[in-house]
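Colleague: Provided below for reference: sequence and predicted model.
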Amino acid sequence: MDHLEHTMMFKSQGEDVSPQEILQQVYVALEEKGYDPINQLVGYLMSGDPVYITSHNQARSLIRKLERYELLEELVRSYLADK
């Protein structure tokens, strides 16, 4: 009964995809559809409106798996790691 007093972490059995992988997959999908991936991603991150992201290759549903702040954290982390 003692173990019920501690917070347990639940992890879904679904596919775990990192923010970096999501950004890369969405970037490729946007490129394949002829969009400027940087402009589209910035539009999405600024507005939160998923219409900036194509539904090609499920990119729109993929990017919505994460909160925008998680994507921004990944971008900042990646940018600063290169410095």
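Modeller: It's in.
Colleague: who touches stretch 27-39?
Modeller: Under the criterion Cβ atoms under 8 Å, 6 or more residues apart in numbering, residues 26, 40-41, 53-54, 56-57, 59 lie in contact with stretch 27-39. Bear in mind the C-beta positions are built from the backbone N, C-alpha and C, glycine included.
Colleague: Try it again at 6 Å.
Modeller: 40, 54, 56-57, 59 (Cβ atoms under 6 Å, 6 or more residues apart in numbering).
Colleague: likewise stretch 56-71?
Modeller: 19, 22, 25-26, 29, 33, 45, 50, 53.
Colleague: Which two among these are spaced furthest apart?
Modeller: Farthest-apart pair in the contacts of stretch 56-71 is 19 and 33; separation 21.3 Å (Cβ to Cβ).
Colleague: neighbours of residue 56, just the number please.
Modeller: Applying other Cβ atoms under 10 Å, we find 15 residues neighbouring residue 56.
Colleague: what about it, distance to residue 46?
Modeller: 21 Å (Cβ to Cβ, to the nearest Å).
Colleague: Likewise for residue 54?
Modeller: Distance from residue 54 to residue 46, by Cβ to Cβ: 17 Å.
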